[in-house]
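Chemist: here are the coordinates; sequence isn't available:
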């Protein structure tokens with residue numbers, strides 16, 4: 001009886017509900033958020049879910065604070081004001097934007113990432129057992145992701161012809177809606193799975209080994225070259241750092257470490273052999289040979305396109321070095337720089353496929369400096385851990401996280417993980433993990449700022465509520481944009497206009513394909529012969545996206561249709577100044593000159609079209625103009 005009384009008298013150990021909620025929502029649930037009703041099935045729905053997650057976490061913190069939990073003293077760490085300065089420069093860059101609304105997604109995403117770094121750091125600092133729970137959460141998520149990846153591979157690849165294989169391979173997008181981003185998400189899980197192999201016991205170690213195997217197999221068969229390179233960098237970087245730590249710290253139990261290293265090596269050998277067999281049997285060996293042969297071939301079409309895009313972006317950045325062209329406005333401002341590098345081949349890239357150039361061009365040199373400084377500070381925290389920490393598991397975890405961050409930076413040089421919510425969550429949790437180990441809670445906790453804490457929480461609730469509202473508007477807009485596209489497919493132009501009107505808000509002016517929604521509405525009105533309204537819609541679209549050649553050429557067509565031939569020529573010349581080799585624009589310019597009876601100019605414009613790809617319509621028109629030009633002039637007539 002006395003034992004029962006004594007047991008009941010002992011205080012119950014509180015469960016870290018904030019950590020459970022954080023890990024389950026961001027690592028397990030968020031990657032499952034997917035909507036077939038939006039244009040991009042993951043981008044805006046996950047932004048909305050992340051906003052909801054942050055709001056709920058704030059409420060949990062408020063509830064825990066009433067029970068006497070500690071303050072956010074760690075915010076004194078320099079990494080947080082540096083990150084905040086990057087956010088402020090992102091906001092300020094909107095003053096330079098042609099279309100500020102297009103930068104709001106980036107602003108909200110950056111703000112939520114900053115909030116997540118604060119909240120995750122607080123949770124990890126307060127719960128010293130966070131490493132085990134964090135890794136186990138990632139392991140569960142990796143099993144789900146890799147199983148889906150393999151299923152999609154065997155469901156889509158076999159039976160395709162050589163010409164169809166690449167498209168089939170891109171249909172393997174796991175939970176990320178894009179093959180390459182799916183491969184990146186798998187790479188970011190590797191550090192956690194590797195920790196499980198080295199540190200867990202019994203069946204959790206078995207799950208970790210299986211996870212490593214499945215992650216590497218998926219990465220191999222997805223054939224994303226930048227991820228292959230980053231994976232190699234991760235393993236080499238980790239091996240070098242851990243070797244240094246083992247020598248410096250004189251870590252014992254080298255035989256056990258050697259056994260685990262041999263297990264990892266065996267997994268890699270099995271993965272390489274198994275992946276090759278899978279690729280060979282599925283018929284994608286020809287793609288594998290191409291990917292390997294062109295990986296460092298700077299003259300290949302794929303690499304040339306990327307290099308030229310980077311060159312165009314650098315030229316854009318040189319013209320806007322301090323504050324950039326505004327968050328979210330690269331896709332609008334870079335188009336006039338295409339003609340310098342791309343010749344007759346039109347590029348419709350919506351991103352520069354290099355996060356560093358993206359930040360530089362949109363937000364300026366100072367924003368890029370503070371962005372890189374965040375990573376540098378995290379690296380400094382890691383090296384301080386290396387010199388001061390004696391706990392082997394913490395050293396191992398921190399080393400894996402910094403190696404994972406290094407691989408992320410390699411990836412960011414070739415693609416756009418900065419845009420993707422899932423990738424930002426993982427890189428933020430890696431940073432927070434290092435901060436959680438680095439920061440030491442003061443022995444005497446100051447309560448001076450207690451009176452302001454509720455105000456900070458109130459501000460957080462307002463900010464996250466606004467983020468949720470904005471993300472909700474984006475999701476709703478994408479739903480109606482997709483409905484408009486579906487209505488267009490069945491030629492239901494009235495419904496298309498109705499859906500486009502629902503999609504358009506002050507915050508949503510351009511769709512996920514970088515097409516102003518008013519352009520879509522204008523073209524629908526053209527089909528309904530509502531020429532005046534169509535012209536107004538196209539002019540509105542041009543205001544949101546002044547460099548879009550399709551808008552300019554459609555405005556030219558409408559002007560010609562309405563009898564204003566001079567204006568038509570003006571619009572076409574604007575489009576050709578952006579994209580001089582645009583076939584439709586050159587043909588329309590020729591027709592406009594013809595209507596003005598400027599036959600020689602019409603002839604020259606038509607000759608500027610690509611001779612190899614010119615269709616029969618151009619040839620017939622050329623014959624017509626040639627006859628007029630060659631027609632003899634009677635000099636006896638006055």
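Modeler: Done, it's in. Everything numeric here is computed off the predicted structure, so don't read it as measured data. Numbering: from 1, shown residues only.
Chemist: so how many other residues sit close to residue 240?
Modeler: Residues lying near residue 240 (other Cβ atoms under 10 Å) number 12. Yep, even glycine has a C-beta here, placed from its N, CA and C like the rest.
Chemist: check which helix or strand covers it.
Modeler: helix 225-249 (DSSP states H and E).
Chemist: Ok, residue 270 next?
Modeler: helix 254-282.
Chemist: So for the helix holding residue 240, what gets flagged as buried?
Modeler: 225-231, 233-235, 237-238, 241-242, 245 (16 or more other Cβ atoms under 10 Å).
Chemist: Correct me if wrong: residue 146 contacts residue 214.
Modeler: Yes: with contact defined as Cβ atoms under 8 Å, residue 146 counts as touching residue 214 (3.7 Å).
Chemist: Pass me the low-pLDDT residue ranges in the stretch 51-200 of the chain, would you?
Modeler: Counting by pLDDT under 70, the ranges of the stretch 51-200 of the chain that qualify are 65-71, 159-164, 166.
Chemist: quick one, what contacts the nearest residue to residue 525 once chain neighbours are set aside?
Modeler: Closest residue to residue 525 apart from its sequence neighbours, by Cβ to Cβ, 6 or more residues apart in numbering: residue 534 at 3.7 Å. Residues near residue 534 by Cβ atoms under 8 Å, 6 or more residues apart in numbering: 522, 523, 525, 526, 558.
Chemist: coming back round to it: check which helices and strands the helix holding residue 240 is in contact with.
Modeler: Applying 3 or more Cβ pairs under 8 Å, 6 or more residues apart in numbering; DSSP states H and E, one finds that helix 225-249 makes contact with helix 179-199, helix 202-222, helix 392-412.
Chemist: I'd like those helices written out as CSV, with distance to residue 21 added.
Modeler: Formatted as CSV, the helices and strands packed on helix 225-249 follow (distance: least, Cβ to Cβ, whole Å):
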stretch, distance to residue 21
helix 179-199, 19
helix 202-222, 22
helix 392-412, 21
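Chemist: Just say which of these is most tucked in.
Modeler: Greatest average neighbour count among the helices and strands packed on helix 225-249 goes to helix 179-199 (a mean of 25), per mean count of other Cβ atoms under 10 Å.
Chemist: what angle separates it from helix 202-222?
Modeler: 150 degrees (axes from the mean of the first three to the mean of the last three Cα atoms, to 10 degrees).
Chemist: so helix 179-199 versus helix 225-249, what angle?
Modeler: For helix 179-199 against helix 225-249, the angle between stretch directions is 20 degrees (the same axes, to 10 degrees).
Chemist: Now do the helix holding residue 240: everything it contacts.
Modeler: Contacts for helix 225-249 (Cβ under 8 Å, 6+ apart): 180, 183-184, 186-187, 190-191, 194, 216, 219-220, 251, 254, 257, 291, 294-295, 386, 390, 392, 395-396, 399-400, 402-404, 406-408, 410-411, 413-415.
Chemist: Next, the angle helix 392-412 makes with that helix.
Modeler: Angle of helix 225-249 versus helix 392-412, following the same axes, to 10 degrees, is 150 degrees.
Chemist: Quick check: pLDDT value at the residue nearest to residue 525.
Modeler: The per-residue pLDDT reported for residue 534 equals 93.
Chemist: What of the one 10 residues further on?
Modeler: Model confidence at residue 544, expressed as pLDDT, equals 95.
Chemist: if you average pLDDT over stretch 625-638, what comes out?
Modeler: The model assigns stretch 625-638 a mean pLDDT of 61.
Chemist: Quick check: which helices or strands does the helix or strand harbouring residue 303 pack against?
Modeler: Assigned by DSSP H and E, residue 303 belongs to helix 301-319. Secondary-structure packing of helix 301-319 (3+ Cβ pairs under 8 Å, 6+ apart): helix 330-333, helix 338-341, helix 355-363.
Chemist: Show me how far that helix is from its chain's centre.
Modeler: Distance of helix 301-319 from the chain centroid (Cα atoms, centre = their mean, to the nearest Å) equals 18 Å.
Chemist: that older thread, for residue 538, find the nearest of the helices and strands packed on helix 301-319.
Modeler: Taking Cβ to Cβ, helix 330-333 is the member of the helices and strands packed on helix 301-319 nearest to residue 538, at 16.3 Å.
Chemist: Please enumerate residues in contact with the closest one?
Modeler: Here helix 330-333 has contacts from 98-99, 102, 313, 316, 320, 325-326, 349-352, 358, 361-362, 514, 545-548, using Cβ under 8 Å, 6+ apart.
Chemist: shaky segments in the stretch 201-350 of the chain?
Modeler: Short version for the stretch 201-350 of the chain, where the test is pLDDT under 70: 249-263, 276, 279-285, 287-290, 293, 295, 297-298, 301, 339-348.
Chemist: brain fart, the stretch 501-638 of the chain
Modeler: 610-616, 630-638.
Chemist: change it to 80
Modeler: Applying pLDDT under 80 to the stretch 501-638 of the chain flags residues 581-586, 591-592, 595-597, 599, 602-638.
Chemist: So which residues of it form helices?
Modeler: Assigned by DSSP state H, counting those that start in this stretch, the helices in the stretch 501-638 of the chain fall at 517-527, 531-544, 549-561, 565-578, 583-595, 599-607, 616-630.
Chemist: Please tabulate those in CSV, including the columns distance to residue 85.
Modeler: Putting those into CSV (distance: least, Cβ to Cβ, whole Å) gives the following:
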stretch, distance to residue 85
helix 517-527, 34
helix 531-544, 30
helix 549-561, 37
helix 565-578, 35
helix 583-595, 43
helix 599-607, 51
helix 616-630, 55
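Chemist: Go through these and name the closest to residue 176.
Modeler: Going by Cβ to Cβ, the one of those nearest residue 176 is helix 517-527, 25.2 Å.
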